[in-house]
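A.B. asks: Kindly generate the corresponding structure for this input.
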Amino acid sequence: MSSESQDRVEAIGEQLRAKIASKFTASTFLAGFALTVLSGQVFALWQSSRLPMLFPPAVGAVFGALMLFVAAIIKLDELTMLKRFWDEGARAGDPAMAHG
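C.D. replies: Numbering: from 1, shown residues only. Predicted coordinates:
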């Protein structure tokens, strides 16, 4: 590969890493926020004998959001992992990765 194309690949890689890092940060913040809201809801559930009708679906929605943010954090972390730590099984099944 020529030096010019290598420089372009490096520039794109840096932009991609920055984008992944920003998404990772946002997902981490939102997961923390969802956990805080869920904790407040569980506390309200514990303290109150009478709750609004839509409270159980709200708890489920916040729990679902929390799980989504945690899954996003895990996937974004996998994207930033060095190639030498990639799963060998996944690499063996992908012909594009056989030579990488």
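A.B. asks: Ramachandran angles for residue 21?
C.D. replies: phi -60, psi -40 (degrees, to the nearest 10).
A.B. asks: Check the spacing between the closest residue to it other than its chain neighbours and residue 39 real quick.
C.D. replies: Distance criterion CB to CB, 6 or more residues apart in numbering; nearest residue to residue 21, sequence neighbours excluded, is residue 80 at 7.5 Å. Where you see a C-beta, it was placed from the backbone N, CA and C, and this is true even at glycine. In this structure, residue 80 lies at 29 Å from residue 39, with CB to CB, to the nearest Å as the measure.
A.B. asks: What ranges does this protein have for its strands?
C.D. replies: With strands called from DSSP state E, the chain shows none.
A.B. asks: Do a quick rundown of the helices in it.
C.D. replies: Taking DSSP state H as the criterion, the chain contains helices spanning 3-47, 55-80, 88-93.
A.B. asks: Deepest in the core, which of those is it.
C.D. replies: helix 55-80 (a mean of 14; mean count of other CB atoms under 10 Å).
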